[in-house]
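Participant: pasted the sequence and its predicted model underneath.
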Amino acid sequence: MIEFHRIRAYMLRHLYEIRASLDRKADIFFFPVIDILTFGFLTVYINKLNVQAGVAGAILGAIILWTMIYNIQRDMSFSVLDDAWSRNLYNLYSTPLRLAEIILGSLFISVIKACVIIAIILAIAWGVFHFSIFQVGTVIFFYIFNIFLFSWAFGYFTASLIFRFGTKAQAVAWSLILIIYPISGVFYPLSTLPPFLARIAEFLPISHIFEGLRAIIVFGRPSSPADLVTIFLLNVVYLCVGLWLFVRGFRNAKARGWFIHPT
Amino acid sequence: MAETILEVKNFEKVYSAKKNPVVALRGISFAVAKGEIFGILGVNGAGKSTTLNILMGLLTATSGEVKIFGQNFFAHESEIKARMNIATAYADLASNLSVYQNLKIFGLMYGVADYEKKIEQLLEQFDISHLRNERFDELSAGQKTRVNLCKSLINDPELLLLDEPTASLDPSIAAIVRETLRDLQKRRQMTILMTSHNMPEVEQMCNRVALLDKGQIYRIDSPENLQKFLRVPSMEEVFIKLARGEVEE
């Protein structure tokens, strides 16, 4: 049976890590702020170029959502890496902690961290650049929810690679997501891409989110119900695959004894 | 007859079974009774730690059965692990966290009701109360070993696994640790399964010892009987004979 006290202990371990580690603080407070400021000033410049109204807002909205994706997926892997780096996996996994509790604990932690990051970048976007992502309407909550689903799925996938290949594959935690960065239509429409890349991008739920966000901000055109259903269904598939890979990776790591010698 | 707490049957572990298989355990079997201190001896690579790691659910056995507290370990892993614990010289706690934060996490993990009181009591017992707020990575090897022992006792385990429990401790602290463990074993009928390269420690603490050689159990008996059987004056000599392959098949 899943026990809340074990999920709480798992979460506490990672909350303490944020408090103790300068790196984890920088992940939350430094890098997202740098991103929003850089792109925010870029949009100030774009506005001066007399381009179509709303383009600058679409860029700011996109960087807010991309910052969420990047941070949430990375934190899923860090929840494994932090314990591997400090050789604590042995003690942690010799407790009654279940795999389902690890999954839930890492989900809850990612929500807490993401909420802090979102609050900071939304405050900067509003306070410095007078941009509110909520101008998009209530659909933004659907988009944010789906950003979480996709980021968890990708995070579990990268964590499964760490289970499978060890800390020598640790760079996937902060770099693998960048492979899909250019083809996700974060800052430009999918029609900008060569046709074969645009075709691949259609299978990414986040590319539909960024397209939808842009359509609302730039053209005032709301997402169709079919788009929303596509986003959600793709995310369900991605999340199921991500979790399946995570569980397989965990079992493989256990069979190899990686929790004992996490190299 | 005392209740059997741990029963291992035909344990086998083969690493990389498909390519270059390395056999770590070749069908070992043994049983440990409630309140017993059972030692596993063998040279490096004999399979001692592998056995303990499988019993803590950190490694999958290739084949074999384990019953702990009368239940199939692989089917009831979480419930069984809630009643056991381990201290090993080969693993650390979270390096950036303080001693107290680490122990609190494990207190919560095991659902210890009054974990704060338990932590204070354990820190005092192992004479490390002054390290309560120190970061784990700033401790000496001996201090880390004692914090690990505190972690291993936080849930008052009925079955305690110890992998080199006094490694890196100075002789006086090691003696205190041994006394504490023996006292707990007597007072609470705690069962202990341990590995050690410290033969006087094995002689002093263990009721029975399994001699493990190349993944197989050579013999299980009390330290006295093993010395008689091999016609040597000490466990040190037993170990040397085992290490040199001078024991009869």
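Facilitator: Ah, there it is.
Participant: could you point out which element follows the helix or strand that contains B:Q204?
Facilitator: Secondary structure from DSSP states H and E places B:Q204 in helix B:199-205. Once the chain leaves helix B:199-205, the next helix or strand it forms, by DSSP H and E, is strand B:208-213.
Participant: quick one: strands adjacent to whichever helix or strand comes after that following strand?
Facilitator: Using DSSP H and E, the next helix or strand after strand B:208-213 towards the C-terminus is strand B:216-221. Counting by DSSP bridges, the strands paired with strand B:216-221 are strand B:208-213 (antiparallel).
Participant: who's in contact with the partner strand?
Facilitator: B:28, B:30, B:36, B:38-43, B:46-48, B:51, B:202, B:217-223, B:226, B:235, B:238, B:242, B:245, B:247 (CB atoms under 8 Å, 6 or more residues apart in numbering or on different chains). (C-beta placed from N, C-alpha, C; glycine too.)
Participant: for PyMOL, write the select line for the buried members of those residues.
Facilitator: Entered in PyMOL, the line below selects the buried ones among those, by 16 or more other CB atoms under 10 Å in any protein chain shown:
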select buried, chain B and resi 28+30+36+38+39+40+41+42+46+47+48+51+202+217+218+219+220+223+226+235+238+242+247
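Participant: just the ones of the contacts of strand B:208-213 in helices?
Facilitator: Among these, the residues falling in helices (DSSP state H) are B:48, B:51, B:202, B:223, B:226, B:235, B:238, B:242.
Participant: now the residue nearest the centre of chain A: how far from A:I200?
Facilitator: Nearest to the geometric centre of chain A sits A:I69, at 2.5 Å (CA atoms, centre = their mean). Distance of A:I69 to A:I200, given as CB to CB, to the nearest Å: 17 Å.
Participant: one more: A:A153?
Facilitator: Using CB to CB, A:A153 is found at 17 Å from A:I200.
Participant: who has more neighbours, these two?
Facilitator: A:A153 (24 against 15; other CB atoms under 10 Å in any protein chain shown).
Participant: element containing the more buried one?
Facilitator: helix A:139-165.
Participant: for the next helix or strand after that helix, buried residues please.
Facilitator: Using DSSP H and E, the helix or strand that follows helix A:139-165 towards the C-terminus is helix A:172-175. Of all the residues in helix A:172-175, those buried under the rule 16+ other CB under 10 Å are A:172-174.
Participant: with stretch B:56-74 instead?
Facilitator: Neighbour counts over stretch B:56-74 (16+ other CB under 10 Å) mark B:56-59, B:61-62, B:64, B:66-69, B:73 as buried.
Participant: how about stretch A:230-247?
Facilitator: Buried residues in stretch A:230-247 (16+ other CB under 10 Å): A:230-232, A:234-235, A:238-239, A:242-243, A:245-247.
Participant: mind putting these into CSV with secondary structure?
Facilitator: What follows is these, written out as CSV (DSSP: H, G, I helix; E, B strand; the rest coil):
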residue, secondary structure
A:T230, helix
A:I231, helix
A:F232, helix
A:L234, helix
A:N235, helix
A:Y238, helix
A:L239, helix
A:G242, helix
A:L243, helix
A:L245, helix
A:F246, helix
A:V247, helix
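Participant: ok, so of the residues you listed, who is nearest chain B?
Facilitator: Among the buried residues of stretch A:230-247, A:V247 lies closest to chain B (CB to the nearest CB), at 13.8 Å.
Participant: not counting its neighbours along the chain, what's nearest the closest one?
Facilitator: A:L99 (6.5 Å; CB to CB, 6 or more residues apart in numbering or on different chains).
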